[in-house]
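Peer 1: build the 3D model from these lines:
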Amino acid sequence: MKDNFYKYACLLLDKGLNIKKGQPLVITAPIESIEFIRILSKCCLDRGIVDIYYDWFDDELKHQQLLYFSNDDISNSLFFNKKIYDEYAKKDGAFLMLVSEDPDIMNDVDSSKLGHASFISRTSRPLYKKRQAINDVAWCIASVSTYGWAKKVFNDCKDPVNKLWDLIFSICLVDKDDPNSEWEKKLMISSKRCDVLNKMNIKTLHYTNSLGTDLYVGLSRSTKWCGAGEYMPNGRRIIANIPTEEIFTSPNRLETNGIVYSSKPLVYNGYIIDDFWIKFSDGKVVDFDAAKGKDILKSIIEGDETSCFLGECALVPYDSPISNSGVIFYTTLFDENASCHLALGTGFPNTLDGTDGKTREELISMGLNVSDVHVDFMIGTSDLRIEGITYSGDSVLIFDDGNFSIEC
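Peer 2: The predicted structure follows:
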């Protein structure tokens, strides 16, 4: 296990963050992951990284505080207030977020209080969020195995934590002899798919499947498709999500119409939202329902004045490593990379040409959604069909039976 911990740490630092000697670093991690973090910390020190802020979290502590805290308590607590991120953003620090979910732990917490905690977390670090949106800081989100999450994924297993670790290592290619080389191959395939899509000049994506999805998503003329490897303005390459299988872009915020059905549960701040649908008209959510977690879905849609518009559409083949594992992970980082997905809330400026230096209002006028919210939800199925209509009026089949039908 320690050998894989070391290889995983090296992958996150060298490929994920492409970290530089002497660079400040924020590591967000659950307390349970201390064994891995000690190895990660040693790898940082070996690379000359000494200014490290450890942003520890624990779902049970969060649960306890939310049961007892008032909204004012939440606003003033450094457990929820993340202003330290802005201090490290000012120093051009790197940010490694190691996530884990305990999907059922917040079931007895008032959803409005949980929504306020989420609001404080995302709005207390405006500089970081601004720089992250344009990849002006090095950042990477990855995962670590913890008991609450592992028990949800492998309920009947005697040692779920290590079983989940083994699956993380496999999906992230850590179990290969040379993970960095394997990731270079993955990045090359991703880049080729982006090139093919960008040359098509797609105006509209039409999604259909047997769940009832019948959705049209409009793209701007300046749309760019992006993939696994992302570039900072200074040319430094990072991998923002490990694992990742997606090719993604940002739609025109006013040009989504129709209905879409979820294909996997969405875990949001310790709540599960499942079996839901969302209806759009002229880009805006006009109706929705959920068999479970409808009030939480409502809090996402009403998170701010623009969270009711789409900010991302991502293409992920149904025949992909995470999907083929047959596991529902109950965490967006993994489940979104097993399924085509959309996101409510903010879009990505780097998915449009000509956005450098633009103000919020200018980005919105270009068709990009700008919000403090960004929540992915999964829509991919084995029979998903996506037809693209180009700006020249041609029709091209992009996905058929859940997988890419275009040649790379």
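Peer 1: contacts and neighbour counts: CA atoms only from here.
Peer 2: Will do.
Peer 1: Met1 versus Ile168, what's the distance?
Peer 2: Computed with C-alpha to C-alpha, to the nearest Å, the distance linking Ile168 and Met1 is 12 Å.
Peer 1: those two: who's more crowded?
Peer 2: Ile168 (22 against 11; other C-alpha atoms under 10 Å).
Peer 1: I'd say Trp277 and Gly258 touch.
Peer 2: No: Trp277 is beyond contact range of Gly258, at 10.6 Å (criterion: C-alpha atoms under 8 Å).
Peer 1: which parts of stretch 233-244 are buried?
Peer 2: 236-244 (16 or more other C-alpha atoms under 10 Å).
Peer 1: just the strands in the stretch 51-200 of the chain please.
Peer 2: Along the stretch 51-200 of the chain, counting by DSSP state E, counting those that start in this stretch, strands occupy 52-57, 94-99, 139-143.
Peer 1: pipe those strands into TSV and attach distance to Arg360, mean pLDDT and mean neighbour count per row.
Peer 2: Shown next, in TSV, are the strands of the stretch 51-200 of the chain (distance: least, C-alpha to C-alpha, whole Å; pLDDT from 0 to 100; neighbours: other C-alpha atoms under 10 Å):
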stretch	distance to Arg360	mean pLDDT	mean neighbour count
strand 52-57	29	96	16
strand 94-99	24	97	22
strand 139-143	22	97	22
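Peer 1: JSON lines for those strands, including distance to Thr306?
Peer 2: Listed next are the strands of the stretch 51-200 of the chain as JSON lines, based on distance: least, C-alpha to C-alpha, whole Å:
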{"stretch": "strand 52-57", "distance to Thr306": "29"}
{"stretch": "strand 94-99", "distance to Thr306": "25"}
{"stretch": "strand 139-143", "distance to Thr306": "24"}
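Peer 1: out of those strands, which comes closest to Ser339?
Peer 2: Nearest of the strands of the stretch 51-200 of the chain to Ser339, taken as C-alpha to C-alpha: strand 139-143 at 17.4 Å.
Peer 1: contacts for the closest one next, please.
Peer 2: Strand 139-143 has contacts (C-alpha atoms under 8 Å, 6 or more residues apart in numbering) with 12, 16-17, 94-100, 132, 168, 238-243, 333.
Peer 1: ditto for stretch 284-296
Peer 2: Applying C-alpha under 8 Å, 6+ apart, the set of residues contacting stretch 284-296 is 111, 253-254, 256, 268, 271-280, 297, 301, 308-310.
Peer 1: tell me, how many residues neighbour the closest residue to Arg131 other than its chain neighbours?
Peer 2: Leaving aside its sequence neighbours, Arg131 sits nearest to Val137 (C-alpha to C-alpha, 6 or more residues apart in numbering; 5.9 Å). By the criterion of other C-alpha under 10 Å, Val137 has 25 neighbours.
Peer 1: so who does Val137 touch?
Peer 2: So Val137 contacts 89, 92-95, 128, 131, 232 (C-alpha under 8 Å, 6+ apart).
Peer 1: so where is the chain shaky, pLDDT-wise?
Peer 2: For the chain, the stretches with pLDDT under 70 are 408.
Peer 1: ok, longest helix in the chain?
Peer 2: In the chain, assigned by DSSP state H, the helix with the most residues is helix 179-200.
Peer 1: send me it as CSV with only the CA atoms.
Peer 2: Extracted C-alpha coordinates of helix 179-200, given in CSV (Å, rounded to 0.1, in the frame of the first residue of the first chain):
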residue,chain,number,x,y,z
PRO,A,179,1.8,6.0,-14.2
ASN,A,180,3.2,9.2,-15.7
SER,A,181,3.8,7.5,-19.1
GLU,A,182,0.3,6.0,-19.0
TRP,A,183,-1.2,9.5,-18.3
GLU,A,184,0.7,10.9,-21.3
LYS,A,185,-1.0,8.4,-23.5
LYS,A,186,-4.4,9.4,-22.0
LEU,A,187,-3.7,13.1,-22.5
MET,A,188,-2.8,12.4,-26.2
ILE,A,189,-6.1,10.7,-26.9
SER,A,190,-8.0,13.4,-25.1
SER,A,191,-6.2,16.1,-27.2
LYS,A,192,-7.0,14.3,-30.4
ARG,A,193,-10.7,14.1,-29.6
CYS,A,194,-10.7,17.8,-28.8
ASP,A,195,-9.1,18.6,-32.1
VAL,A,196,-11.8,16.6,-34.0
LEU,A,197,-14.7,18.3,-32.2
ASN,A,198,-13.2,21.8,-32.5
LYS,A,199,-12.9,21.4,-36.3
MET,A,200,-16.6,20.5,-36.5
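Peer 1: so which elements touch that helix?
Peer 2: Packing partners of helix 179-200 (3 or more C-alpha pairs under 8 Å, 6 or more residues apart in numbering; DSSP states H and E): helix 2-11, strand 247-249.
Peer 1: quick check: domain ranges of this protein?
Peer 2: Each domain of the chain is listed here as a residue range: 2-171, 197-235+242-404, per automatic domain parsing.
Peer 1: in CSV: those domains, plus distance to Asp178.
Peer 2: Output for these, formatted as CSV (distance: least, C-alpha to C-alpha, whole Å):
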stretch, distance to Asp178
domain 2-171, 9
domain 197-235+242-404, 16
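Peer 1: quick one: which of the ones you listed is nearest Lys185?
Peer 2: domain 197-235+242-404 (10.9 Å).
Peer 1: any idea how far the closest one is from the chain center?
Peer 2: Centre-to-centre, domain 197-235+242-404 and its host chain are 11 Å apart (C-alpha atoms, centre = their mean, to the nearest Å).
Peer 1: same check, this time on stretch 24-35
Peer 2: The answer for stretch 24-35 is 19 Å, by C-alpha atoms, centre = their mean.
Peer 1: and that stretch, C-alpha only, in PDB?
Peer 2: Extracted C-alpha coordinates of stretch 24-35, given in PDB (Å, rounded to 0.1, in the frame of the first residue of the first chain):
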ATOM      1  CA  PRO A  24       3.300  27.400  -1.700                       C
ATOM      2  CA  LEU A  25       0.700  24.700  -1.400                       C
ATOM      3  CA  VAL A  26      -2.700  24.200   0.100                       C
ATOM      4  CA  ILE A  27      -3.700  20.600   0.700                       C
ATOM      5  CA  THR A  28      -7.400  20.000   1.600                       C
ATOM      6  CA  ALA A  29      -7.900  16.500   3.000                       C
ATOM      7  CA  PRO A  30     -10.000  14.400   5.400                       C
ATOM      8  CA  ILE A  31      -8.500  13.700   8.700                       C
ATOM      9  CA  GLU A  32      -8.800  10.000   8.000                       C
ATOM     10  CA  SER A  33      -6.300  10.200   5.200                       C
ATOM     11  CA  ILE A  34      -3.400  11.100   7.500                       C
ATOM     12  CA  GLU A  35      -1.400   8.000   6.500                       C
END
